[in-house]
Structure formats: structure tokens, C-alpha cells
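K.L.:
Mind folding the following:
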Amino acid sequence: MTVQDVRAFNRFYTNLIGALDYSRQLYVPYTLTEARVLYELAHSPRTDAADLRGELGLDAGYLSRILNRFEGDGLIERVPSPEDPRRRRVSLTALGRETAALLAERSNAAVGSLLATVPAAERPRLAEAMRTIRELLSEGARRPGREDVVLREPGPGDLGWIVQRNGALYAAEYGWNADYEGLVARIVADYAQDHDPHLERVWIAELDGRPVGCVMCVRDEAPATARLRLLLVEPEARGLGIGDRLVGAVVDFARGVGYRELTLWTNDVLAAARRIYQRHGFTLVDEKPHRSFGKDLVGQDWRLDLRATPE
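P.N.:
Residues are numbered from 1 along each chain as shown. Below is the predicted model of the structure:
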């Protein structure tokens, strides 16, 4: 491979996604760089101007002009940082959040249109090629850390992602058949159609703008009891404590809204998940063999007394 090969690919890809004419492609008044700054403000916990400059590798003067424009458009507010008054804390206004959401929606639609031209059978090959490029060109770059993961509420398409990734991941790692995906689809559909937002919740773990994990907290049939469901962490995001944070979010939420007990059902082959449950104080109360998802499994019921004082 030569330098010219890389440059030719860069020219091909920037033309393909319309990077040189981003505002016209997405019918928005912002350039690709401005849209990226908005994205970081909407998703990154590091919102000081200096952190934004370092994260995006932007010239200080260039970033200042972008932020000045955003402030003039009513998209951001800038105040002294509580940690260091010499630094400026930048946050999105309500209008800024709406604008960031609109940009994300139109970007997703543009990429969706692009992917629609790729046959379904070829998409895994495309995804693997993209992962390979990232891995080979990221040597020496900063690896994602725990602080890069954001837990958020689900947005458009996220519930469908939960179904798709559960079906694909458990088939790949454990050989489960489509019966499991059907079960997940029913759980998610029940939540989408009828849930109490004060007592039930879904969390999406996001890294680099993409979902990499999820979990649900729903009401159980037993009085004052909640159920933890569908804990999942993508393989490439494991090791960042995401599963632990997701389970912790469910425990804190369930205890905060007044549930007395938190339950879950899992299978003995899911050893990593069981270790997380044990760390949060869950205890095994029952297990029995069963035949499900095309496999012989041992199902387990775990419970956590939320009235006990947390360690």
C-alpha cells in the first residue's frame, strides 16, 4: 500500500458521504466540523472549551469562532468552569439539544440510505472491513476509557437495536436460535407499548456515538418488585465496566422509586453477567434445567433485597 492508495480512498469516501458539501447534503446551516462540535457537546461529559479543543484537535481560534456562532444562534451557553474559573464550561441550550438531535436524525438517515445500497449478505463483510481499518490505524492512539461511555435513555431505533443485537450476539456466542430473538422482541414490544416511565426504564450505553450496551428495569408480577432484563454489552466494548454500570443504574433506580426487591432470570452459561450480579448483592434462589433457544440450559433466578443497606 502506498500513500497514493490512502489518498485515493480518502477522496472516494469524502465524496461518497458528501463531507465537502455537508450542509447542502443534510439541508442544515452547519459544516461537518460544526456538526461534530455539536455532537461532542451533546454526548461528551467533558464540556470545557479546552477539552473540546483537545478532543477534536481543533485550532483554538477556529473553535472559538464556532462557539461564538453557536452562542449567537442560541445553541450554547458559556460560563466559568466550577473546577477552574479560568476555563469556560460550554453547555447546550434546549434549542442546541434540538439542533443536535436534528443533525443526528438526518445523518442517520443519510447513512441508512447509503447502507441500503449494500446487499444484506455483504454488510457483515463491510462492518468487518471498517473495524479492521479502525484497529490498524488506531495503534498508538488513545484507547477508549470508562469515562468515554455515556448511559442515556433510548432514542429512535434503539429498541430495535436491542432486539437485533441480542439475537445476533447470542447466536454468535452461544449458538442460540431465533426463539431467543423472538422472546426479546416480545419483551421490548411490551415495554414500548405500555410502560410506566416513573417505574420502568431502559438504559443505552453509548461509546463513540454508537450503542454498545443496554439493560431494562420493568415491573414484576410480585408486589413492590422490579425485574432486571436484557443486560448486554458488545464484545468490543467489554473491559470498560459497562455491564457493572448498567446493573448499578438499575439497582439505584429501583431502590430510588421504592421497589423492595429486584429479581432477574438468567442462564448458567452467562458467567460474566453472573459475576456482575453477585458484586451488586444478588443471591441465587433457584435453578432448574430447561431446553430453550435450541440448547440444553440451566435457568437461574436471582434476587436482591433493596431494603438492605448497600455496602
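
K.L.:
how much space between K288 and W265?
P.N.:
11 Å (C-beta to C-beta, to the nearest Å). All C-beta spots, glycine's among them, are computed from the backbone N, C-alpha and C.

K.L.:
between these two, who's got more neighbours?
P.N.:
W265 (12 against 9; other C-beta atoms under 10 Å).

K.L.:
Can you name the residues that contact L231?
P.N.:
213-215, 243, 246-247, 273, 276 (C-beta atoms under 8 Å, 6 or more residues apart in numbering).

K.L.:
Just give me the closest of those to S292.
P.N.:
The shortest approach to S292 among these belongs to A273, at 16.5 Å (C-beta to C-beta).

K.L.:
could I get the helix or strand harbouring the closest one in CSV with only the CA atoms?
P.N.:
Assigned by DSSP states H and E, A273 falls within helix 271-279. Only the C-alpha atoms of helix 271-279 are listed here, as CSV (Å, rounded to 0.1, in the frame of the first residue of the first chain):
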residue,chain,number,x,y,z
ALA,A,271,-20.8,-16.5,33.7
ALA,A,272,-19.6,-12.9,33.3
ALA,A,273,-23.1,-11.5,33.9
ARG,A,274,-23.5,-13.6,37.0
ARG,A,275,-20.3,-12.2,38.5
ILE,A,276,-21.7,-8.7,38.0
TYR,A,277,-24.9,-9.6,39.7
GLN,A,278,-23.1,-11.1,42.6
ARG,A,279,-21.0,-8.0,43.0
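
K.L.:
Buried residues, that helix. List them.
P.N.:
273-274, 276-277 (16 or more other C-beta atoms under 10 Å).

K.L.:
Just give me how far stretch 302-309 sits from the chain centre.
P.N.:
Between the centre of stretch 302-309 and the centre of its chain there are 27 Å (C-alpha atoms, centre = their mean, to the nearest Å).

K.L.:
Buried residues, that stretch. List them.
P.N.:
For stretch 302-309, a neighbour-count test (16+ other C-beta under 10 Å) marks 302-304, 306 as buried.

K.L.:
what sits up against that stretch?
P.N.:
Around stretch 302-309, the neighbours that count as contacts under C-beta under 8 Å, 6+ apart are 251, 254-255, 259-266, 274, 277, 280-285.

K.L.:
sorry, back to before: in JSON lines, list the contacts of L231 along with distance to A109, secondary structure and pLDDT.
P.N.:
Below are the contacts of L231 laid out as JSON lines (distance: C-beta to C-beta, whole Å; DSSP: H, G, I helix; E, B strand; the rest coil; pLDDT from 0 to 100):
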{"residue": "G213", "distance to A109": "24", "secondary structure": "strand", "pLDDT": "95"}
{"residue": "C214", "distance to A109": "23", "secondary structure": "strand", "pLDDT": "97"}
{"residue": "V215", "distance to A109": "28", "secondary structure": "strand", "pLDDT": "97"}
{"residue": "G243", "distance to A109": "31", "secondary structure": "helix", "pLDDT": "94"}
{"residue": "L246", "distance to A109": "28", "secondary structure": "helix", "pLDDT": "96"}
{"residue": "V247", "distance to A109": "34", "secondary structure": "helix", "pLDDT": "96"}
{"residue": "A273", "distance to A109": "34", "secondary structure": "helix", "pLDDT": "93"}
{"residue": "I276", "distance to A109": "36", "secondary structure": "helix", "pLDDT": "95"}
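
K.L.:
how about those residues, which pair is most distant?
P.N.:
Pairwise distances across the contacts of L231 (C-beta to C-beta) peak at 14.1 Å, for the pair C214 and I276.

K.L.:
got the contact list for V37?
P.N.:
By C-beta under 8 Å, 6+ apart, the contact list for V37 reads 52, 56, 58, 63, 66-67, 70.

K.L.:
any idea which helix or strand carries it?
P.N.:
helix 32-43.

K.L.:
ok now that helix, how far from the chain's centre?
P.N.:
17 Å.

K.L.:
next one: stretch 302-311
P.N.:
With C-alpha atoms, centre = their mean, you get 27 Å for stretch 302-311.

K.L.:
Can you list the low-confidence ranges for this protein?
P.N.:
Residues of the chain that meet the criterion pLDDT under 70 lie in 19-26, 44-46, 139-143, 309-311.

K.L.:
Have a look at it and report its longest helix.
P.N.:
Looking across the chain with DSSP state H, the single longest helix is helix 94-115.

K.L.:
What residues sit buried inside that one?
P.N.:
96, 99-100, 103-104, 107.

K.L.:
Not counting its own residues, what contacts it?
P.N.:
Here helix 94-115 has contacts from 16-18, 25-28, 30, 35, 38-39, 41-42, 70, 73-76, 92, 123, 155-157, using C-beta under 8 Å, 6+ apart.
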